[in-house]
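Q: Predicted model and sequence below, questions to follow.
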Amino acid sequence: MASIIPDRQLFIVTSALNPNMGIINRQDRLQQTIDGLKSLREKCPEAIVMLADGSPEKVEKEKIQQLQDLVDFVADFSGDKDITQFAANGRKSEAENVLMLKCMMLMKREPGLMRLMQSVSRIYKLSARTIINEGFDTTDHNHFGKYVFKKRMPTWIQNTEKAEVFTDLLITRLFSFCPSLIDDYSVVCHRNIDVVTDAGVDTEHAHFFNIEPEKLIELDTIYCQGIMAGTGLTEIY
């Protein structure tokens with residue numbers, strides 16, 4: 001039997017369809033999620049797409065059904081006690097890292113996903129409600145044993161002492177990593193939770209702090225845009 005050369009892209013699309021914070025109403029969040037998934041399917045039609053929802057409140061079946069035709073897997077962690085203990089208190093950064101940890105475990109334990117992982121050459125984390133723009137090219141992310149992020153941005157932290165430690169941040173709306181780093185990224189997520197909790201920074205500062213520099217590739221542009229839940233403004237990356 002001929003060997004299978006991994007060549008597919010797996011996108012973990014993280015969502016919170018039923019949040020308890022932000023200014024965007026739930027119906028708009030659902031429609032923006034649909035629009036984002038459609039843009040992903042248009043730009044990467046052969047990708048494997050897993051929707052992972054970490055809402056503090058259980059998501060209605062009707063909402064999931066509206067999204068199922070656009071994805072290959074639905075990992076419904078809405079109402080999950082481990083995530084909700086953070087999400088219900090507005091601690092979005094910790095909740096997102098717990099959600100990603102659970103996705104890492106699924107990839108190693110869920111039989112259907114495990115079979116598909118044999119064909120995967122790259123794993124992406126993509127925030128729901130993100131539009132993939134023209135110019136996005138998966139070959140930009142094709143770096144074995146590496147994480148790929150948008151180029152680091154200087155910290156916005158005003159506290160001088162804290163800013164000396166957390167000097168930069170990495171945008172987490174879209175990034176990718178090699179499947180060989182699943183265990184490594186699980187460790188990063190654990191460390192992120194500790195750093196966010198202890199230092200009071202967000203997940204973007206924690207990612208920069210905890211990813212080993214020699215494993216990091218940075219791109220000037222990652223060709224996506226998304227609406228910020230807290231402000232309603234669109235940011236382009």
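A: Received, thanks.

Q: Going along the chain, name the helices of the protein.
A: 26-43, 61-68, 81-87, 92-109, 111-117, 160-165, 182-199, 203-210 (DSSP state H).

Q: So what touches the third one?
A: Put plainly, it is helix 81-87. 16, 19-20, 54-56, 77, 92, 94-95, 98-99, 102 (CB atoms under 8 Å, 6 or more residues apart in numbering). All C-beta atoms are positioned from the backbone trio N, CA, C, and that covers glycine.

Q: which strand residues sit across from the nearest residue to A75 once chain neighbours are set aside in the sheet?
A: Excluding the flanking residues, the one nearest A75 by CB to CB, 6 or more residues apart in numbering is A52, at 4.3 Å. Note on A52: beta-bridge partners by DSSP bridges are T14, A75.

Q: Would you agree A52 is in contact with A16?
A: No. With contacts counted by CB atoms under 8 Å, A52 stays clear of A16, the gap being 10.1 Å.

Q: how about V98, what does it touch?
A: By CB under 8 Å, 6+ apart, V98 lies in contact with G54, D82, I83, F86, C189, I193.

Q: For it, give its distance to N192.
A: Using CB to CB, to the nearest Å, V98 is found at 10 Å from N192.

Q: that older thread, I'd like to know how many residues surround the residue nearest to A75.
A: A52: 23 surrounding residues under other CB atoms under 10 Å.

Q: for it, what are its contacts?
A: I12, V13, T14, S15, A75, F77, L99, M100, K102, C103.

Q: Next: V49.
A: Counted by CB under 8 Å, 6+ apart, V49 has contacts L10, F11, V13, L37, L40, R41, L70, V71, D72, F73.

Q: Please tell me how far the second one sits from N142.
A: Computed as CB to CB, the F11 to N142 distance reads 15 Å.

Q: Which of these two has more residues huddled nearby?
A: Each of F11 and N142 has its neighbours counted (other CB under 10 Å); F11 has more, 24 against 16.

Q: All set, thanks.
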